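1. Could you look at this predicted model? Sequence included:
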Protein chains: 2
Amino acid sequence: MPEENTSPLQIDSEQIQRAADILKTVAHPARLKIIDFLEPGEQPVAQICKCLNAAQPFISHHLSLMKAKGILSSRRNGNQVFYSVANRNVIEVIHCVRRHGRGNQTCTGTAVSVRE
Amino acid sequence: MPEENTSPLQIDSEQIQRAADILKTVAHPARLKIIDFLEPGEQPVAQICKCLNAAQPFISHHLSLMKAKGILSSRRNGNQVFYSVANRNVIEVIHCVRRHGRGNQTCTGTAVSVRE
DNA sequence: TGACAATATGCAATTATCTCAATATATAGA
DNA sequence: TCTATATATTGAGATAATTGCATATTGTCA
């Protein structure tokens, strides 16, 4: 019988699962915007709503999704709840997105390129 | 009327859209595995099927999804089709996932951390 | 051309995601 | 306690993603 390369992957299946889960949560326009907005520092929900120009329940929903995945954390101060980015890997992803957006991408020019 | 911070985002909306689209495509266990497998160099479809231990139509479907987004590119050589990673940003993401997986993460220890 | 190997496509059923609207909860201050 | 403000939760309808299976396409070789 021929010996075969059953799993020449560099990442194990469980880690892949977790990563996919985190990335799936990040991979949404509103949620990316929230992360982008929060990256410099914590903000209360109302500010996030204003920044994204979106309804409060809509924002709250996405915030709690990300909090559940450990991407964001929150702290209450009186009436308000302040959210911040809790996962540094996600910040790496946002940085990557920013680099790409600025045309500073190391990208070789694929379908994702900005030229129209 | 109060002047407001309508969009203090560092990334513009269109770029966010594109990034979300790419990330959404990447954010799937099978597709992450494929990218992980292809990152060192191109591979024919049959090898990818064997590596992921998955049915060929299943793999083919995910390959064409990623190709459509410019994440992968393909070249035919006779009977076989070789796929490779075409988008360097996606490679950055895979590197980030690997760093995270190895416990080498710059992560501060959130719900995503590996310790159990 | 005919048969075989490698890959791609189409269909269908299940399941998950998105988003709005209504409403609930929590805190502060009078 | 009553009211107002800030945030969270729930329900529902629409849309999209997933995946197995059957089948089509493409290329090779005899």
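-> Nice, thanks for sending it over. Numbering: from 1, shown residues only, chains lettered A, B, ... in the order given.
2. ok, the helix or strand bottoming out on mean pLDDT in chain A near chain B or not?
-> The helix or strand of chain A with the lowest confidence, counting by mean pLDDT, DSSP states H and E, is helix A:88-101 at a mean of 92. Yes. Applying CB under 8 Å from any CB of the partner chain, one finds helix A:88-101 in contact with chain B at A:88-89, A:92-93, A:96-101. No exception for glycine: its C-beta is placed from N, CA and C like everyone else's.
3. Got a ChimeraX select line for the buried ones in these?
-> Listed next is the ChimeraX selection for buried residues among the residues of helix A:88-101 next to chain B, using 16 or more other CB atoms under 10 Å in any protein chain shown:
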select /A:88,89,92,93,96,97,98,100,101
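4. Now do the least confident helix or strand of chain A and helix B:88-101, the angle between them.
-> For helix A:88-101 against helix B:88-101, the angle by axes from the mean of the first three to the mean of the last three CA atoms, to 10 degrees is 170 degrees.
5. Run through the neighbouring helices and strands of helix A:88-101.
-> With contacts defined as 3 or more CB pairs under 8 Å, 6 or more residues apart in numbering or on different chains; DSSP states H and E, the packing partners of helix A:88-101 are helix A:13-26, helix A:29-38, helix B:13-26, helix B:88-101.
6. so can I have CSV of those showing distance to DNA strand C?
-> What follows is those, written out as CSV (distance: least, CB to the nearest atom of the strand, whole Å):
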stretch, distance to DNA strand C
helix A:13-26, 6
helix A:29-38, 6
helix B:13-26, 8
helix B:88-101, 18
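7. hmm, back to that, got the CA coordinates for the least confident helix or strand of chain A in PDB?
-> Extracted in PDB, the C-alpha atoms of helix A:88-101 (Å, rounded to 0.1, in the frame of the first residue of the first chain):
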ATOM      1  CA  ARG A  88      -5.100  41.000  19.900                       C
ATOM      2  CA  ASN A  89      -5.300  38.600  16.900                       C
ATOM      3  CA  VAL A  90      -8.300  40.500  15.700                       C
ATOM      4  CA  ILE A  91      -6.400  43.700  16.000                       C
ATOM      5  CA  GLU A  92      -3.800  42.100  13.700                       C
ATOM      6  CA  VAL A  93      -6.500  41.400  11.200                       C
ATOM      7  CA  ILE A  94      -7.800  45.000  11.300                       C
ATOM      8  CA  HIS A  95      -4.200  46.200  10.800                       C
ATOM      9  CA  CYS A  96      -4.000  43.900   7.800                       C
ATOM     10  CA  VAL A  97      -7.300  45.300   6.400                       C
ATOM     11  CA  ARG A  98      -6.000  48.900   6.900                       C
ATOM     12  CA  ARG A  99      -2.800  48.100   5.100                       C
ATOM     13  CA  HIS A 100      -4.700  46.600   2.300                       C
ATOM     14  CA  GLY A 101      -7.100  49.500   2.100                       C
END
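8. where's it relative to the chain centroid, distance-wise?
-> Mean-position distance between helix A:88-101 and its chain equals 8 Å (CA atoms, centre = their mean, to the nearest Å).
9. cool, and stretch A:71-82?
-> Computed by CA atoms, centre = their mean, the chain-centroid distance of stretch A:71-82 equals 18 Å.
10. So what would you say the end-to-end distance of that stretch is?
-> End-to-end distance for stretch A:71-82: 14 Å, by CA to CA, to the nearest Å.
11. Show me what counts as buried in that stretch.
-> Buried residues in stretch A:71-82, defined by neighbour count with 16+ other CB under 10 Å: A:71-74, A:81-82.
12. Tell me the one of those nearest B:S60?
-> Proximity of these to B:S60 (CB to CB) peaks at A:I71, which lies at 32.2 Å.
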